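In: quick one, fold the following:
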Amino acid sequence: MKLLLFLVAVASIIYLSSINWRRSIYAIFLLVVGEGILRKWVLPQASDFIYFLKDLVLLGAYLKYFVFSADEMRVPVRNFGINLFIFLSAGLCLFQAFNPSLGSPIAGLFGLKGYLLYIPLMWMCANLFRSEEELYKFIRLNLLLMIPVGLLGIVQFLSPPSSPINLLIGGEVSNAGFTGLDKIRITGPFSYIAGFTTFLGFWFALLVPILSRNQARIWQLVATIEMVLLVANSFMTGSRSVVFANAIFLVLYLSFSMATQASTIVTYVRRFTIPAIVVFFAVNRWFSAAFGAFSARVTGTDSAVDRITGAFNVIPYFAYKQLDGYGTGATHQAVRALRNALDLPQAEAIPIGFENEMGRIALELGPFGFVFWYGLRIIIIIVLGFVFLKLKHPFLRQLALAAFLVHLIQLNSQLVVNHIFLLYYWFLASFIFLLPHLEQVENWKQQQKLAEYYASTTYFYRSGNVQL
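Out: Below is the predicted model of the structure:
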């Protein structure tokens, strides 16, 4: 009976999601934030099902878009280099899903989710918005979530570690805190710190172009408040990666903008000065404890530089399987849980520790899969860079730069095992096709306005209503 109810629930979610694929994509962005709330506080008994909820919604959206909307006008998504590496990567991932080292192909097929399930978003999101204004409002609306999320983070930081608001999945008390302080490293509405830092890093990258955009004063004020909360929450997570990545992003963003278009320096200084001053004084006045706790952790733990440089050393991981790998999903923590839940055969033991993303990919896919997978990621970075250089429309150009920098800075960040970053990563990858299309739309609108203006002017003069 339980199995029947489960199958009915799955079918119902996929069906409802297939009715309108655009609304389903919007819903997924909300689910990413709300998923942790449901898993930790609302329906903890259904935690595992909720984990897959957005995947089911995504499948429904795929069905509608790729199967039942074949006649819909779509933006061309042709890029030989990207498509080639997607094909090669997908082939190697599928091959490794049946690797005997996994113990069962079920584990391998589950492991495919982190590699392949979200890739079609790159093509689908290219058609998600019909104008620049739609894209701007979508980003602005999602950024509003930063206000309740940021306030929740403050409450968590001020609450004791054992408080219900700081509990993790299954009511577990977090052991991640600041050394010497009775302060928890906050997770916000997310299940774990990694999800929250991913959220903060992604929306920081899109908030910067929003702040530099010419918009109404009320929205500039709202964006400034969001930036204050975002920066404060970043310190409260105790995560060096998100703070350093955001700092590097901002420096590179301003440097690239000024180097490619020096005339923008005055605009950027004017629009960023007030938000920067507000952020500085707010952190110094109200969130000094968070900054102090973060500073103590930075100076009192292992070297961040050593961790970053060590993450790129993948040669030792190839020594155990030579030209082969341990199989798709072999290092995924959820695969281990799946194996225990379904009583699947045990996998071959991996004789080396793994934490960083490059090491995981090397172990799972072997040297050829590693080259194809990171070849794909590098090509996406390169193409996003060219999109940035080619675009002329200011806001679209800034979004292209933001996407380029996120992909560049986060090249070795957890992606395959981070289901939240998977959504954000492939959404930004869609900018390769989306932003040039939106610029064409904006140019066409401008031409239409000019044509209408000249047509009305010509009629005005010919009608004899003008006296010279």
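In: quickly find the element holding the residue positioned nearest the centre of the chain.
Out: Nearest to the mean C-alpha position of the chain, counting by Cα atoms, centre = their mean, stands residue 424 at 2.2 Å. Secondary structure assigned from DSSP states H and E places residue 424 in helix 419-429.
In: show the average pLDDT along that helix.
Out: Confidence for helix 419-429, expressed as mean pLDDT, is 96.
In: cool, stretch 352-368 as well?
Out: 90.
In: ok, now stretch 237-255?
Out: Looking at stretch 237-255 alone, the average pLDDT works out to 92.
In: picking up where we left off before, what about the residue nearest to the centre of the chain, distance to residue 376?
Out: 17 Å (Cβ to Cβ, to the nearest Å). Bear in mind the C-beta positions are built from the backbone N, C-alpha and C, glycine included.
In: repeat that for residue 96.
Out: In this structure, residue 96 lies at 15 Å from residue 376, with Cβ to Cβ as the measure.
In: looking at those two now, which is surrounded by more residues?
Out: More crowded of residue 96 and residue 376, by other Cβ atoms under 10 Å: residue 96, with 26 against 22.
In: right, and that one touches residue 364 too?
Out: Yes - taking Cβ atoms under 8 Å as the definition, residue 96 is a contact partner of residue 364 at 6.5 Å.
In: joint contacts of those two?
Out: Common contacts of residue 96 and residue 364 (Cβ atoms under 8 Å, 6 or more residues apart in numbering): 325, 327, 328.
In: ranking these by neighbours, who comes first?
Out: Highest neighbour count within the shared contacts of residue 96 and residue 364, by other Cβ under 10 Å: residue 328, with 32 neighbours.
In: did I read that right, it in a strand?
Out: No - applying DSSP: H, G, I helix; E, B strand; the rest coil, one finds residue 328 to be coil, outside a strand.
In: burial of the closest residue in space to it that isn't next to it in sequence, as a residue count?
Out: Counting by Cβ to Cβ, 6 or more residues apart in numbering, residue 111 is the residue found nearest to residue 328 once chain neighbours are left out, at 3.8 Å. Residues lying near residue 111 (other Cβ under 10 Å) number 27.
In: OK, contacts around residue 111?
Out: 97, 102, 327, 328, 329, 330, 332, 335, 364 are the contacts of residue 111 under Cβ under 8 Å, 6+ apart.
In: now with 10 Å, please.
Out: By Cβ atoms under 10 Å, 6 or more residues apart in numbering, the contact set of residue 111 is 93, 96-97, 99, 102, 327-332, 334-335, 338, 364, 416-417.
In: just residue 389 next, same as before
Out: 256, 260, 397, 400, 401, 404.
In: give me the buried subset of those.
Out: 256, 397, 400, 401, 404 (16 or more other Cβ atoms under 10 Å).
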